[in-house]
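Peer 1: Got a predicted structure here, sequence first:
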Amino acid sequence: MKNAFDILNPQSRIMVLTGAGISAESGIRTFRDSGGLWENHPVDDVASPGGFRRDPKLVWNFYKQRYEQALSVQPNPGHLALKKLEDVMGDRFWLVTQNVDGLHDRAGNQNLIEMHGSLHSSFCTACGGNHPTGELDLEMELPTCPACNKMMRPDIVWFGEMPYRMDEIDALLNKSNLLLVIGTSGVVYPAAGFVMRAKYLGAHTVSVNLDAPDNDAFFDEIHQGKAGTILPDLLDSWIEKLS
Ligand code: OAD
């Protein structure tokens, strides 16, 4: 079986998909580690439109805590290795993340799609306007829109809602020679299906994950362990072939 080092060349295009595991070493707990709960809350209460309708104060309180936690941690060597790879590859590199913590953005990645939204952004339930979460009055139980004063909501894609920029992701999958998937359990779709699609289209598929993901049968190359330990050396070896 060939590995990435054998197939990469200066024309190669890489798409990366990340999940909660890449932020674990920064100090943010993964979803599956919390036993189906998200920081002690049933996911349906804090990550669904119905949960927000039932108790918007609880949901806002929850996301304010997540936002403050995200601001209090730092990108780790796994995030920084991906920034280094983008610096070398430019537009032949794209990073798609399911994470909402903003750590890839803070690491400096620019070709970045936050498909599940971001804790750093919020939008108005009435006028639809987007505003940085940091510009809202987070002392309020229900933060209001700076433009129309109606209730804001976190700009997070909840269960039952459509992830962002799926057309662009589809186009990137179509033209990638390699898909690298990091720190995701492979159970939440559509992201869990990207590896099947990439493999069907003939791309080389690589997993870096602590435990075997649910969709591990679709990977050509598996690196089991911590992203912050594996990625710096692995991606440095790729950079040699790419530049
Ligand atoms: P999960 O919590 O389901 O999976 C995290 C994965 O990361 C597991 O497979 C772990 O083995 C692995 N992992 C843990 N620590 C790691 C490390 N240091 N290095 C590498 N891997 C590590 O998180 P996701 O798959 O990201 O959706 O969850 C997907 C979606 O489900 C989330 O985006 C969220 C959630 O409900 C929404 O918020 C819409």
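Peer 2: That came through fine.

Peer 1: How about the residues of the protein by the ligand?
Peer 2: Contacts of the chain with the ligand, taken as CB under 6 Å from any ligand atom, map to 19-21, 24-25, 30-32, 43, 47, 98, 116, 157, 183-185, 188, 209-211, 213, 226-227. C-beta: built from backbone N, CA, C; applies to glycine.

Peer 1: change it to 5 Å
Peer 2: Listed as neighbours of the ligand in the chain under the rule CB under 5 Å from any ligand atom: 19-21, 24-25, 30-32, 98, 116, 183-185, 188, 209-211, 226-227.

Peer 1: Give me the helices and strands touching the strand ranked longest in the chain, please.
Peer 2: Taking DSSP state E as the criterion, the chain has its longest strand at strand 117-124. Strand 117-124 is packed against helix 56-72, strand 130-132, strand 152-156, with contacts defined by 3 or more CB pairs under 8 Å, 6 or more residues apart in numbering; DSSP states H and E.

Peer 1: Make a markdown table out of those and add mean neighbour count.
Peer 2: A markdown table is the format used below for those (neighbours: other CB atoms under 10 Å):
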| stretch | mean neighbour count |
| --- | --- |
| helix 56-72 | 17 |
| strand 130-132 | 13 |
| strand 152-156 | 22 |
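
Peer 1: can you put these in a markdown table and add mean pLDDT and distance to Thr144?
Peer 2: Formatted as a markdown table, those follow (pLDDT from 0 to 100; distance: least, CB to CB, whole Å):
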| stretch | mean pLDDT | distance to Thr144 |
| --- | --- | --- |
| helix 56-72 | 96 | 11 |
| strand 130-132 | 98 | 10 |
| strand 152-156 | 98 | 6 |
